[in-house]
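Enquirer: compute the structure for the input listed below.
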Amino acid sequence: MPFANANISDIMATTIESRSKKIADNVTNNNAILKKLSKKGNIRPVSGGTYIMQELSFAENSNAGWYSGLTLH
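Expert: Next comes the predicted model:
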């Protein structure tokens, strides 16, 4: 099978054809939080799309507020 890029050699072309066709996860096991989430089964993969939209439920906290009294001496 000819490739558009003339720099690809025959050896490289046969390697490309023998690929696993599975995406390797090079992030989850190298990030402590993601590894912990993965071990507990709390990672949910989604398929396709350029955007992932998730509805969120939240309530306002009546005890929360803003602080603006910073004074420097």
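Enquirer: hey, let's count contacts and neighbours off CA atoms from now on
Expert: OK.
Enquirer: where in the chain is pLDDT low?
Expert: Flagging of the chain using pLDDT under 70 yields the residue ranges 1-19, 72-73.
Enquirer: how about a cut-off of 80?
Expert: Across the chain, residues meeting the criterion (pLDDT under 80) sit at 1-24, 47-49, 57-73.
Enquirer: now the helices for it?
Expert: 10-17, 32-39 (DSSP state H).
Enquirer: give me the residue at the spatial middle of the protein.
Expert: Among the residues of the chain, the one closest to the centroid is residue 27, at 7.5 Å (C-alpha atoms, centre = their mean).
Enquirer: now that one: how far from residue 34?
Expert: Residue 27 is 8 Å from residue 34, where distance means C-alpha to C-alpha, to the nearest Å.
Enquirer: and if you look at residue 44?
Expert: In this structure, residue 44 lies at 12 Å from residue 34, with C-alpha to C-alpha as the measure.
Enquirer: same thing with residue 23?
Expert: Distance of residue 23 to residue 34, computed by C-alpha to C-alpha: 17 Å.
Enquirer: those two: who's more crowded?
Expert: Relative neighbour count places residue 34 above the other of residue 23 and residue 34, with 15 against 6, counting by other C-alpha atoms under 10 Å.
Enquirer: pretty sure the more buried one contacts residue 28?
Expert: Yes. The pair residue 34 and residue 28 qualifies as a contact (C-alpha atoms under 8 Å) at a distance of 5.1 Å.
Enquirer: name the residues contacting each of residue 27 and residue 34.
Expert: Counting by C-alpha atoms under 8 Å, 6 or more residues apart in numbering, residue 27 and residue 34 have no shared contacts at all.
Enquirer: what sits against residue 42?
Expert: With contact set as C-alpha under 8 Å, 6+ apart, residue 42 has no partners.
Enquirer: now with 10 Å, please.
Expert: 34-36 (C-alpha atoms under 10 Å, 6 or more residues apart in numbering).
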